[in-house]
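Asks: pasted the sequence and its predicted model underneath.
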There are 2 protein chains.
Amino acid sequence: MNYRNFPMVPRVVFGRGSFSQLNDIITPKRKSINAPFIFLVDDVFRNNTWLTSRIALAYDDRVMFISADQEPTTSQVDDLVESIILSTKERPSGIIGIGGGTLLDLAKAVSIMLTNKGEAKDYQGWDLVKNPAIYHVAVPTISGTGAEVSRTTVLTGPERKLGINSDYTPFDQVILDSELTKDVPTNQWFYTGMDCYIHCVESLTGTYLNAFSQSYGEMALQLCEEIFLTDNLSKVDAQEKLMMASWHGGMSIAYSQVGVAHAMSYGLSYLLGTKHGIGNCIVFNHLEEFYPEGVKTFKAMKKKHNILLPEGICANLSDKEFDIMINVSLSLEPLWENALGKHWKKTITPKKLRSLYEKM
Amino acid sequence: MNYRNFPMVPRVVFGRGSFSQLNDIITPKRKSINAPFIFLVDDVFRNNTWLTSRIALAYDDRVMFISADQEPTTSQVDDLVESIILSTKERPSGIIGIGGGTLLDLAKAVSIMLTNKGEAKDYQGWDLVKNPAIYHVAVPTISGTGAEVSRTTVLTGPERKLGINSDYTPFDQVILDSELTKDVPTNQWFYTGMDCYIHCVESLTGTYLNAFSQSYGEMALQLCEEIFLTDNLSKVDAQEKLMMASWHGGMSIAYSQVGVAHAMSYGLSYLLGTKHGIGNCIVFNHLEEFYPEGVKTFKAMKKKHNILLPEGICANLSDKEFDIMINVSLSLEPLWENALGKHWKKTITPKKLRSLYEKM
């Protein structure tokens, strides 16, 4: 038996308003005046001076606003890396991702690809990265994905949607300032929060679970239930607790895996470009047979917050399109094995997946 | 407002039997054949080949067996550092602490003092350490103190019992193998487990608490209640869960502090040499007025496991001895402020502390 030597984020700040400390934190990491910091910022913050005025640019530092409307792709990472290399005199001092899961995953992938040859798609998989990434910092502005703490960066490539899972993927520094999440629209708040809830359910019911992952998963699950099912919390408390739920939820995957919902939602995302949070919700809503308790609680949360999920998104798909989704989903073997054990192929057939997708 | 940029242990292995991976983990960290690894091992493991046979010595590597019968002292650290410097050709590649809180705190302090001038007592306090410590690894063999994850190493010095609290204190690597805790005697298991329970109660009821520390504290507290109050768990599950409780309990202090029990038990320990775990229990048992719920639950746990605490340990103390304990305890201002707020001096007087100590 050989256990993973799990890399944890070595530095974390938690606190309302702690984003203002960003400059003090990164300044000692500047390698030279020719080695800039590159800030990858969700473009919802363009013209938002409340946030952008606190990004102190010096020398050749650069802010790149990036839309999170699309799931991040390997070619987008390659383009960003090329643009950064062409516009900087030296390798950057660091990459700072400011946004949700999309921006954080881009920051992780770009920081890896600045020190590793080839294209991002070459590193989709497990432990394929050769060289340490450059210094990279996460500033989450929406809570739930766990991207701030995980050792993966999930990218849609030409052949599949799959993470770059490596010991060099985790951030060197995370700043957890719940105030940055105050203006997230309700739907987005719900979908991304449910990403946390769903991966905790998948982790806690999975066959890979151990006491390490269980304790983190249970904590995150309890926090989600408090946030999404009760009226006990102030807005600020709810924002702070959801930030912690996301953190612990990400940690719960350390020795575990996600499961059926993620495996199927990757298929949706690959074919239809469905965003990860809403995709998980659309799928999970139909997974009673795999997660009876979890789906029941999910539906109660959905009702409480008047969330209407899209329906019939697979209604007009061709056989070929179904097959693409099904193949992407089936290729995620560790997820299925975690969910259903070593003999998962006995129950999960292309036909079975098609019947599930047809409900969505 | 300025929030602490908290250092987390950057690498952790969790798993039954993972101690066997120690050699594979540290080998890449060897700096040269003249820079040995020094293993500080609790001397209860002397002649225990089940454990010691898995410590692979090469070149000038050295095992030093150390008794944990006494709380660690600053002069003990200085002696160890001198012995290591005199017997090694180069600065060691790393220090590996294998044992409970005493051995782990010694490993942390020795690794700091190998790169910092002067004596260990010079660094008791907050953020006094100038240079990064050498690579240091924790292998806990008893669960509860949180020493494996905290940024302190608590030492008894000539003037006070106080931690070396610094960003260089935390371990670079932790190996969490619950199998190493299988032979801990019941009393010791209880006292050390209660260290975790008590510092969670202190953290969760303290004025410094935030959502980060709260979520870790609640997780650890729930685990303790499951372990010490129910009969649901197998021996292995209970050992694994207590290891996680210790871990999360240590994390809960990140943005918080301990409180009355620790402040008073440091006094006992300084004067009488009372070990930390049992000292906390002796004190906490009499703190209903500060922690009514926590003390009630503690007493239920104590009863369930037939633990008899020593009584009357302060019965024959002189006025001068009481004053020494009281002064050590009162000097721990952050602990009192966390417990009772900024105006703690209004209620906590020497007279009040004496009346409490007299009950013990």
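Replies: Nice, I can see it.

Asks: going forward, measure contacts between C-alpha atoms and count neighbours the same way
Replies: Will do.

Asks: looking at stretch A:212-219 now, give me its mean pLDDT.
Replies: Average pLDDT, stretch A:212-219: 96.

Asks: quick one: A:Ile175 is in a strand?
Replies: Yes - according to DSSP: H, G, I helix; E, B strand; the rest coil, the state of A:Ile175 is that of a strand.

Asks: please look at it and A:Gly17 and confirm they touch.
Replies: No - checked against CA atoms under 8 Å, the pair A:Ile175 and A:Gly17 is beyond contact range at 9.8 Å.

Asks: quick one: which of the two has more around it?
Replies: A:Ile175 (25 against 16; other CA atoms under 10 Å in any protein chain shown).

Asks: hey, what's the more buried one bridged with?
Replies: A:Val13 (DSSP bridges).

Asks: for it, what are its contacts?
Replies: A:Ile175 is in contact with A:12-14, A:18-19, A:22, A:137-140, counting by CA atoms under 8 Å, 6 or more residues apart in numbering or on different chains.

Asks: and if you look at A:Arg11?
Replies: A:172-174, B:5-8.

Asks: hmm, 6 Å instead?
Replies: By CA atoms under 6 Å, 6 or more residues apart in numbering or on different chains, the residues touching A:Arg11 are A:173, B:6-8.

Asks: which pLDDT value belongs to A:Leu22?
Replies: On pLDDT, A:Leu22 comes in at 97.

Asks: anything in whichever strand or helix holds it near chain B?
Replies: According to DSSP states H and E, A:Leu22 maps onto helix A:22-26. No - using CA under 6 Å from any CA of the partner chain, helix A:22-26 stays clear of chain B, coming no nearer than 8.3 Å.

Asks: what about the closest residue to chain B within the stretch 251-360 of chain A, how many neighbours?
Replies: Using CA to the nearest CA, the closest approach of the stretch 251-360 of chain A to chain B is made by A:Tyr255 at 8.5 Å. By the measure other CA under 10 Å, the count of residues near A:Tyr255 is 21.

Asks: A:Leu80 looks like it's in a helix, true?
Replies: Yes - counting by three-state DSSP, A:Leu80 is located in a helix.

Asks: check it and give its pLDDT.
Replies: 98.

Asks: distance-wise, check it relative to A:Leu86.
Replies: A:Leu80 sits 10 Å away from A:Leu86, going by CA to CA, to the nearest Å.

Asks: neighbour-wise, which of these two wins?
Replies: A:Leu80 (20 against 10).

Asks: for that one, which non-adjacent residue is spatially closest?
Replies: Of all residues not flanking A:Leu80 in the chain, A:Val110 sits nearest, at 7.1 Å (CA to CA, 6 or more residues apart in numbering or on different chains).

Asks: so what's the backbone phi/psi at A:Asp69?
Replies: Backbone torsions for A:Asp69, taken as degrees, to the nearest 10, come to phi -70, psi -30.

Asks: distance of the closest residue to it other than its chain neighbours relative to A:Thr192?
Replies: Once flanking residues are discounted, A:Asp69 sits nearest to A:Lys275: 7.8 Å by CA to CA, 6+ apart. A:Lys275 is 10 Å from A:Thr192, where distance means CA to CA.

Asks: those two - which one has more neighbours?
Replies: Taking other CA under 10 Å, A:Lys275 and A:Thr192 do not tie; A:Thr192 has more neighbours (25 against 21).

Asks: who's in contact with A:Met264?
Replies: A:Ser329.

Asks: hang on, the earlier thing: from the chain's centre, how far out does the helix holding A:Leu22 sit?
Replies: 24 Å (CA atoms, centre = their mean, to the nearest Å).

Asks: what sits up against the next helix or strand after it?
Replies: Later in the chain than helix A:22-26, the nearest helix or strand by DSSP H and E is strand A:37-42. Strand A:37-42 is contacted by residues A:61-67, A:92-99 when judged by CA under 6 Å, 6+ apart.

Asks: now with 8 Å, please.
Replies: Under CA under 8 Å, 6+ apart, the answer for strand A:37-42 is A:30, A:60-68, A:92-100, A:103, A:107.

Asks: one more: stretch A:208-218?
Replies: Identification of contacts with stretch A:208-218 by CA under 8 Å, 6+ apart yields A:200-201, A:203-204, A:248-249, A:251-257, A:338, B:14, B:219, B:237, B:240-241, B:244.

Asks: secondary structure element for the nearest residue to the residue of the stretch 251-360 of chain A closest to chain B once chain neighbours are set aside?
Replies: Leaving aside its chain neighbours, A:Tyr255 sits nearest to A:Ser213 (5.8 Å; criterion: CA to CA, 6+ apart). Per DSSP H and E: A:Ser213 is located in helix A:211-229.

Asks: which of the residues in that helix are buried?
Replies: Of all the residues in helix A:211-229, those buried under the rule 16 or more other CA atoms under 10 Å in any protein chain shown are A:211-224, A:226-229.

Asks: now do that helix: distance to the chain's middle.
Replies: With CA atoms, centre = their mean, you get 17 Å for helix A:211-229.

Asks: could you export that helix as PDB, CA atoms only?
Replies: In PDB, the C-alpha atoms belonging to helix A:211-229 read as follows (Å, rounded to 0.1, in the frame of the first residue of the first chain):
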ATOM      1  CA  ALA A 211     -10.900   9.200   7.700                       C
ATOM      2  CA  PHE A 212      -8.900  12.200   6.300                       C
ATOM      3  CA  SER A 213     -11.200  12.900   3.500                       C
ATOM      4  CA  GLN A 214     -14.300  12.000   5.500                       C
ATOM      5  CA  SER A 215     -13.600  14.600   8.200                       C
ATOM      6  CA  TYR A 216     -13.200  17.400   5.600                       C
ATOM      7  CA  GLY A 217     -16.200  16.200   3.600                       C
ATOM      8  CA  GLU A 218     -18.500  16.000   6.600                       C
ATOM      9  CA  MET A 219     -17.500  19.500   7.700                       C
ATOM     10  CA  ALA A 220     -18.100  21.000   4.300                       C
ATOM     11  CA  LEU A 221     -21.500  19.100   4.000                       C
ATOM     12  CA  GLN A 222     -22.600  20.400   7.400                       C
ATOM     13  CA  LEU A 223     -21.700  24.000   6.400                       C
ATOM     14  CA  CYS A 224     -23.600  23.700   3.100                       C
ATOM     15  CA  GLU A 225     -26.700  22.400   4.900                       C
ATOM     16  CA  GLU A 226     -26.500  25.300   7.400                       C
ATOM     17  CA  ILE A 227     -26.000  27.800   4.600                       C
ATOM     18  CA  PHE A 228     -28.600  26.500   2.100                       C
ATOM     19  CA  LEU A 229     -31.200  25.000   4.400                       C
END
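
Asks: tally up the residues packed near the residue nearest to A:Leu80, please.
Replies: Neighbours of A:Val110 (other CA under 10 Å): 28.

Asks: quick one: it is in a strand?
Replies: No - counting by three-state DSSP, A:Val110 is located in no strand; its state is helix.

Asks: contacts for the helix or strand harbouring A:Asp195?
Replies: Secondary structure from DSSP H and E places A:Asp195 in helix A:186-204. Outside helix A:186-204, the residues that touch it by CA under 8 Å, 6+ apart are A:142-146, A:209, A:213-214, A:217-218, A:220-221, A:224, A:242, A:245-246, A:249-250, A:252-253, A:256-262, A:276-278, A:280-281, A:284, A:291, A:294, A:298, A:307, A:339.

Asks: now do stretch A:242-250
Replies: By CA under 8 Å, 6+ apart, stretch A:242-250 touches A:142-150, A:176, A:178, A:193, A:196-197, A:199-200, A:216-217, A:219-221, A:223-224, A:227, B:211-212, B:215.

Asks: try 6 Å this time
Replies: In contact with stretch A:242-250 (CA under 6 Å, 6+ apart) are residues A:143-144, A:146, A:149-150, A:196, A:200, A:216-217, A:220, A:223.

Asks: so what's A:Ala238 closest to, chain neighbours aside?
Replies: Using CA to CA, 6+ apart, the closest residue to A:Ala238 is A:Ile227 (5.8 Å).
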